[in-house]
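> A predicted structure for the sequence below; I have some questions about it.
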Amino acid sequence: TALLRTTSTRHDTTRRPRTLRPIRPAAMRVILGASLLAVAAAFVGQPPSRAPTATRHHGVRRARAPPNEALPGSGKSARPLVPAQRGGARLSATTAEEIEEAEAVSEVPADVGSRMRAVFEMIDADGSGHICEEELGMLIRKGLNMATATDEEVSALFAALDTDGNGEIDYDEWWSWYSGIVDAMDEKKKIVYDALYNRRTTNDFDTTPVDDSVVLECVRAARYAPNHKLTEPWRFIQLGTKTINKIAEMNAASIKDPEKQQKKLKRWADVPGWMVVTSQLSEDELTTQEDYAATCCAIQNFQLAMYAEGLGTKWTTGDITRSDEFYELIGVDKTTDRVAGVIWYGFAAKEAKYPFRKLHVEDVLSKLP
């Protein structure tokens, strides 16, 4: 077995000393875009939760739940599509140009367009209907607490937003830029929700081995799980063929039917990747419980990273993983660490079916005043 120890930062080549560097205009545009919904929310006193979502396409908002998730009181009916809420800034469309603008704004949920208009007017301190370079600088340095931004950086950002080069940013330029930021944020959402909704437990694997460099990246991602007090209790043990075969033999030994025994032995031995994940124990019961929860989060991170790599996973916690023989075989002391599970991983031999969720979000979510 090869133990992938990941808790010591001195062995982590991804960590770099923090240095103060100038803010690049391109990076500033992204930071500014990501911050503006919060600014808008503060301005109108509402949470910034109504930005165009990853599920809005061509004026139709798809429910966030997977299409075959249960609806309240409707058995196994699929979730329907519902019309998007249209609106935004109400325009008096009397010209072709205004009509085009009105149609563009109508694709945006009502409060996003109005909030962005409110933010634009807030930044436009003199009420001229345009944002000047000084007003943009005030937003960056004071509104967004980016005090280290230099005049040159503000000027470069201003020039990038002032697309017609007339020395001022009008609302069309503002909205054109910001809608691009929203689209970029949409794409990020799609990636995250795709992984959350479409990751499946894989039961049948191809025997093709997985490159160790991929496994290393997935363990690297697993380490970013939420973890109270940063105890980093997880340990990852990547099993080799010899150890896998021994575990398969241990498991098959309890099966009396020779045919079934051989079938089970082959099934386990053919799984190309095995990762044992353990959680450190503590003298404090609460810390042990919190650490185990964090380790489980790390396991989910590992599975999602595997999904992103085009691989399938199965999190197993069978009786064999709790036996003294198993602990001895993988070199783990039961008094100091607990096995949280074994993750099988590899290329899926066939597409896994979606496990139907009987409970809808309203069934599991409650609110208190």
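Cool, the structure landed. Since the structure is predicted, the reported quantities are computational estimates derived from the model, not experimental observations.
> who are the neighbours in contact with the closest residue to I237 other than its chain neighbours?
Closest residue in space to I237, ignoring its immediate chain neighbours: V276 at 4.2 Å, by Cβ to Cβ, 6 or more residues apart in numbering. Quick note: C-beta positions are derived from backbone N, CA and C, even for glycine. By Cβ atoms under 8 Å, 6 or more residues apart in numbering, the residues touching V276 are T1, F236, I237, L239, T321, I330, V332, V339, G341, V342, I343.
> Between the residues you listed, which sits nearest Q303?
Using Cβ to Cβ, I343 comes nearest to Q303 of the contacts of V276, at 6.9 Å.
> and the closest one, that's in a strand?
Yes. Under DSSP: H, G, I helix; E, B strand; the rest coil, I343 falls within a strand.
> The chain should start at 754 in everything you say after this.
Happy to do that; since the first residue is 754 now, the last one works out to I1096.
> Wait, it touches I1052, no?
Yes. Between I1096 and I1052 there is a contact at 6.5 Å, judged by Cβ atoms under 8 Å.
> Report the set of residues contacting both of these two.
Joint contacts of I1096 and I1052 (Cβ under 8 Å, 6+ apart) are V1030, W1068.
> Tell me which helix or strand R868 sits in.
helix 863-876 (DSSP states H and E).
> remind me which residues of this structure are low pLDDT?
Low-confidence segments of the chain (pLDDT under 70): 754-865.
> Run through the strands of it in chain order.
In the chain, the strands defined using DSSP state E lie at 755-757, 809-810, 813-814, 835-836, 987-991, 1026-1033, 1065-1069, 1090-1099.
> of all those, which lies closest to N998?
So among those, strand 1026-1033 is nearest, using Cβ to Cβ, at 10.6 Å.
> how near is the residue nearest to D1023 when sequence neighbours are not counted to R1020?
Leaving aside its chain neighbours, D1023 sits nearest to T960 (5.4 Å; criterion: Cβ to Cβ, 6+ apart). Using Cβ to Cβ, to the nearest Å, T960 is found at 11 Å from R1020.
> got it, and R1075?
20 Å.
> Selecting buried members of the contacts of V1029 in ChimeraX, what would you type?
Selecting the buried subset of the contacts of V1029 in ChimeraX, with 16 or more other Cβ atoms under 10 Å as the burial test, is done by:
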select :754,989,990,992,1074,1083,1085,1092,1094,1095,1096
